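1. Provided below are the primary sequence and the corresponding predicted coordinates.
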Amino acid sequence: MKIKVSLLVASLLASVVCFAAETYQVSTSFFKNGELVAAPMLIVEADKTASFILGDDFSYNLTITPKQDQTVGVATAVTFGSDTIKPSFILAYDKEASMEIGDKKLTLVVSKVGS
């Protein structure tokens, strides 16, 4: 049963990539006190918000805005427990960016997968 569900999810993701005007793969890592909290990979359509939730104390939202010079704007909101940070980045495709605030660290890489 798990294999069927996995195949269905993979098929749906592939169809999203094929039909979306501009689609991006976002690989992210979240650290707290130097320990990895989560490392989700999201498929995101341009100018639409994607979300990731882990348990009751961690959530992540992001929006990708395409730019003309092979870069994207990334607006995020990351919640660890009761703390929320809202960093924004301008990133070149396939280049890692990171940001630290106190004991929290966010890294991400954006790749274009559909246009």
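-> Right, received. Where do you want to start? Numbering: from 1, shown residues only.
2. Pull the contacting residues for residue 115.
-> 21-23 (Cβ atoms under 8 Å, 6 or more residues apart in numbering). C-beta here means a position set from N, CA and C on the backbone, and glycine is covered the same way.
3. export those residues to TSV and tack on pLDDT, distance to residue 48 and secondary structure?
-> Listed next are these as TSV, based on pLDDT from 0 to 100; distance: Cβ to Cβ, whole Å; DSSP: H, G, I helix; E, B strand; the rest coil:
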residue	pLDDT	distance to residue 48	secondary structure
21	70	10	coil
22	92	10	coil
23	96	10	strand
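4. Need the residue closest to the centroid of the chain.
-> Among the residues of the chain, the one closest to the centroid is residue 26, at 4.1 Å (Cα atoms, centre = their mean).
5. can you pull the contacts of that residue?
-> By Cβ under 8 Å, 6+ apart, the neighbours of residue 26 are 41-44, 50, 62, 64, 74, 108-111.
6. repeat that with 6 Å
-> Contacts of residue 26 were listed using Cβ atoms under 6 Å, 6 or more residues apart in numbering, and they are 42, 44, 108, 110.
7. Pick out the most distant pair among those residues.
-> 44 and 108 (11.0 Å; Cβ to Cβ).
8. Low-confidence ranges, the chain, go.
-> Counting by pLDDT under 70, the chain contains low-confidence residues at 1-20.
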